[in-house]
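Student: Coordinates for the following, if possible.
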Amino acid sequence: MPYTIPAAPPVSRTPSLLRRELRDRLDALARTHRVPGAQLVLDTGTDVISIHTGTADVSTGTLLTGETAVPLGSLTKPFTAALVMLLADDGDVDLDEPAAEHLQELRSVPEVTIRQLLSHTGGLPTGPDSDTAAATTAARYLTSVCTAHDLLFPPGTDFSYSNAGYVAAGRLVETVTGMPWAEAVRSLLLEPLGVVPAFIGDTAPARPVAAGHAVNTATGQALAARQNLAPLEAPAGALLASAADLAAFGNALIGRSDLLPPAVAKDMRRPEPAARPGTLADGWSPGLAQYQRGDRAWYGHDGNAQGTSCHLRIDPESGVVVAFTGNAGGATALWRDLTGELARLTGIRVPAGGHPVDGGRRAALPDCVGTYRNGTTAYRVTAGPDGEPALSVDGDLALPLVCYADLSCDLRDPATGSLEPGGRFHRDPVTGSIDRIQISGRTARRTDDG
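Tutor: All right, here's what the predicted structure looks like:
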């Protein structure tokens, strides 16, 4: 019997009226959040509404169109995951075999499986920053960060968002296919989707591309931002695409395309039991975040490059696909407001992602004070004069932590007092002492070494 996607509930407005209203709201929100350009695609399975607004690059004045490709940042990762899943479907790899069977660079962590690389459950650190990564090779990069000493937890027991895991996944694609990662994603995914490939670092892109922008909050002036991504990190963040391109990929992920066999699309949406991503999402599967809306599960991913914010959401039950790109940091807030407008205008409650925990009863947690490490990144929790702990990362400004009895925590904005997404602490099951912290999906292990 052919695989079918049920249609989304009908909205009260006609597509043409809804398009006009959404375009007006996108225009207004882009001005409010000082985002030079943005794109939105809403695909209900029966109607496709595609709108865009603004400028692709303020330094040239180039208009942003529906075809303009925007730096996706981490939204590249689901594409890399799909490549690996296709290899598994062909029998070239087994998702539950050790990744070291194909990559000698991972021989120090032989228990980490391919599935764990894709679902961020391997215990690998985030990896060095792009400037450091630019000075080495992929093999040396992985050998240096994927060690037993640096594991944050036993593989398959928890979650920590890791670029290193996707550098390894990209290397796996190259090893198995014999193609560079960019060639593999071009030939196996992008071209079959009808997407013109574009990557960070292209000197002569084959399509219009947008710049990311940094905005001076005092003057409102936007300046084009330079993309900073080491070439070896390409599988984790090098793609550029439009909202329409993301929507096409989203349709493949729910089975409305021949690109991904239904079994592959379903496996990409199967949450890993050990994946507890905290404030990032409600769960994680091989390549996709899971977001709960009542009894309905949405899937997708977010991505931020230098001065961009991009988002993809799919609802396999209704067949709804929503894709958004914006070319300034304020586009994340624009996206959150836009999901509210979608709910108001259509009744479709798209999960924006990233929200404060607000874990109920507050608790002091004095034993959370200490130093925690994820690779070379240091998280320091100190006790403030009022007894409220504060968190700093690599010596940055310390932000007050609001802690709760269930060990979750939020960050308090010192300027406004508002709560921002934080994370959670962990207690060692044997000693009962706090031994890890997870902030924005990244876990750090307690070291108390200064």
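Student: Start from the N-terminal end of the protein and give the helices.
Tutor: Ranges of helices in the chain, per DSSP state H, are 15-32, 77-89, 114-119, 130-133, 138-145, 163-177, 181-185, 191-193, 234-237, 243-253, 262-268, 331-346.
Student: quick one, what contacts Leu42?
Tutor: 22, 48-49, 320-322, 342, 346, 348 (C-beta atoms under 8 Å, 6 or more residues apart in numbering). C-beta: built from backbone N, CA, C; applies to glycine.
Student: Those residues, buried ones only, as a ChimeraX selection?
Tutor: This is how ChimeraX selects the buried members of those, with burial counted by 16 or more other C-beta atoms under 10 Å:
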select :22,49,320,321,322,342,346,348
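Student: a markdown table please, covering the contacts of Leu42 and showing pLDDT and distance to Gly91.
Tutor: A markdown table is the format used below for these (pLDDT from 0 to 100; distance: C-beta to C-beta, whole Å):
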| residue | pLDDT | distance to Gly91 |
| --- | --- | --- |
| Leu22 | 96 | 44 |
| Val48 | 95 | 35 |
| Ile49 | 96 | 40 |
| Val320 | 96 | 33 |
| Val321 | 98 | 30 |
| Val322 | 98 | 34 |
| Leu342 | 96 | 41 |
| Thr346 | 93 | 42 |
| Ile348 | 94 | 38 |
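Student: Now do Met1, the pLDDT please.
Tutor: What the model reports as pLDDT for Met1 is 37.
Student: got it, and the one 3 residues further on?
Tutor: You'll see Thr4 listed with a pLDDT of 45.
Student: How far away from the center of its chain is stretch 312-325?
Tutor: Between the centre of stretch 312-325 and the centre of its chain there are 15 Å (C-alpha atoms, centre = their mean, to the nearest Å).
Student: Now do that stretch: distance from first to last residue.
Tutor: With C-alpha to C-alpha, to the nearest Å as the measure, stretch 312-325 spans 9 Å from end to end.
Student: among the helices of the chain, which is the most enclosed?
Tutor: Highest mean neighbour count among these (mean count of other C-beta atoms under 10 Å): helix 114-119, with a mean of 28.
Student: where does that helix sit relative to the chain's centre, distance-wise?
Tutor: Centre-to-centre, helix 114-119 and its host chain are 15 Å apart (C-alpha atoms, centre = their mean).
Student: Can you name every helix or strand that that helix contacts?
Tutor: In terms of contacts (3 or more C-beta pairs under 8 Å, 6 or more residues apart in numbering; DSSP states H and E), helix 114-119 is packed against helix 77-89, helix 163-177.
Student: Which single one of the contacts of Leu42 is nearest to Leu172?
Tutor: Closest approach between the contacts of Leu42 and Leu172, by C-beta to C-beta: Val321, at 27.7 Å.
Student: hang on, the closest one packs against Ser257?
Tutor: No - taking contacts as C-beta atoms under 8 Å, Val321 lies outside contact range of Ser257: 10.7 Å.
Student: hey, what's in contact with both of those two?
Tutor: What both Val321 and Ser257 touch, as defined by C-beta under 8 Å, 6+ apart, is the set Asn251.
Student: re the thing from before, in TSV: the contacts of Leu42, plus distance to Ala214.
Tutor: Shown next, in TSV, are the contacts of Leu42 (distance: C-beta to C-beta, whole Å):
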residue	distance to Ala214
Leu22	27
Val48	32
Ile49	30
Val320	33
Val321	30
Val322	26
Leu342	27
Thr346	33
Ile348	32
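Student: What values do phi and psi take at Thr416?
Tutor: phi -110, psi -20 (degrees, to the nearest 10).
Student: Leaving out the residues flanking it, which one is nearest to the spatially most central residue of the chain?
Tutor: For the chain, the residue lying nearest the average C-alpha position, counting by C-alpha atoms, centre = their mean, turns out to be Asp302 (3.7 Å). Leaving aside its sequence neighbours, Asp302 sits nearest to His311 (C-beta to C-beta, 6 or more residues apart in numbering; 5.2 Å).
Student: Arg336 is in contact with that neighbour, correct?
Tutor: No - His311 lies out of contact with Arg336 (C-beta under 8 Å); the separation is 9.5 Å.
Student: okay, and the common contacts of these two?
Tutor: The contact sets of His311 and Arg336 overlap at Ala352 (C-beta under 8 Å, 6+ apart).
Student: Neighbours of Arg427, how many?
Tutor: If you count neighbours by other C-beta atoms under 10 Å, Arg427 ends up with 13.
Student: Chain neighbours aside, what residue packs nearest to it?
Tutor: Ile434 (5.6 Å).
Student: What about Arg207, how many residues nearby?
Tutor: By other C-beta under 10 Å, 16 other residues sit near Arg207.
Student: Now do the same contact list for it.
Tutor: Counted by C-beta under 8 Å, 6+ apart, Arg207 has contacts 67-69, 196, 198.
Student: Not including adjacent chain positions, what is the nearest residue to it?
Tutor: Take Arg207 and drop its neighbours on the chain: the residue closest to it by C-beta to C-beta, 6+ apart is Val196, 4.4 Å away.
Student: buried residues in stretch 302-314?
Tutor: Neighbour counts over stretch 302-314 (16+ other C-beta under 10 Å) mark 302-314 as buried.
Student: Out of the residues you listed, the closest to Arg34 would be?
Tutor: Gly307 (11.4 Å).
Student: how about the residue nearest to Asp302, what does it touch?
Tutor: Applying C-beta under 8 Å, 6+ apart, we find His311 in contact with 75, 300-303, 322-325, 335, 352-353.
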